[in-house]
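Asker: Sequence and predicted structure, then a few things I'm wondering about:
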Amino acid sequence: MNRIYLRHLDILLKSDNRSRIFLSYLKIRNSSKGRCGGFNLSNLTESLQVSDTTARKALKRLIDYGYVSPTKKGLYKVNSFKSLIGDNLHEKFFKITTEQLFSYSWKNISHFRTYW
C-alpha cells in the first residue's frame, strides 16, 4: 500500500507536470524499498518504463522538486514523506495499491489525477 497525503494533493492537482513527477516519485519510491531508497538511472528507467533520455529529464525534475537527492556520482536516494510534508504524518491520506500505482503511466495521467 502506498499513501498519498491530502496536504500534498493540493499542490499536485494544480499542475499536470507536477502530477507526472509525483507519479514518478511514487513508482521509484516503491521500487527502491528493497534498496533502502537508493537507486541509479537504470533503476529509474526500469521503474518508469521510459527511455534513458526521458528518465534523465524526470530525474532532474525529481531533484528540483525535492523528491530525490543525489548521494554519490550516479546514485540517488528517495526522500521520505516526512521530509516532504513535515513531521505531522497523522493527517488524512489516500491509499493506493502497488498494482494500481503501476497501472498508471504518463499517458493516462488524467486518470491518476482523478483517482482522488
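Answerer: Thanks, I have it. Numbering: from 1, shown residues only.
Asker: rest of the way, CA atoms for contacts and neighbours
Answerer: Noted.
Asker: What pLDDT does the model give the residue sitting nearest the centre point of the chain?
Answerer: Residue closest to the average C-alpha location in the chain (Cα atoms, centre = their mean): Y25, at 1.1 Å. On pLDDT, Y25 comes in at 89.
Asker: could you list every residue that touches it?
Answerer: Counting by Cα atoms under 8 Å, 6 or more residues apart in numbering, Y25 touches L62, Y67, V68, V78.
Asker: Tell me the one among these nearest to Y104.
Answerer: L62 (17.7 Å; Cα to Cα).
Asker: residues in contact with the closest one?
Answerer: I21, S24, Y25, V68.
Asker: That one: which element?
Answerer: helix 52-64 (DSSP states H and E).
Asker: Give me the buried positions along that helix.
Answerer: Neighbour-count burial for helix 52-64, counted by 16 or more other Cα atoms under 10 Å, picks out A55, R56, A58, L59, R61, L62, I63.
Asker: In the chain, which helix is the longest?
Answerer: Counting residues, the longest helix found in the chain (DSSP state H) is helix 16-31.
Asker: Between helix 52-64 and that helix, find me the angle.
Answerer: Going by axes from the mean of the first three to the mean of the last three Cα atoms, to 10 degrees, helix 16-31 is angled at 90 degrees with respect to helix 52-64.
Asker: Report the buried residues of helix 16-31.
Answerer: 18-31.
Asker: Show me which of the residues you listed is closest to V50.
Answerer: Distance to V50 across the buried residues of helix 16-31 (Cα to Cα) is lowest for S24, with 10.6 Å.
Asker: What's the separation between the residue nearest to that closest one when sequence neighbours are not counted and F93?
Answerer: Nearest non-adjacent residue to S24, counting by Cα to Cα, 6 or more residues apart in numbering: L48, 6.5 Å away. Using Cα to Cα, to the nearest Å, one gets 24 Å for the distance from L48 to F93.
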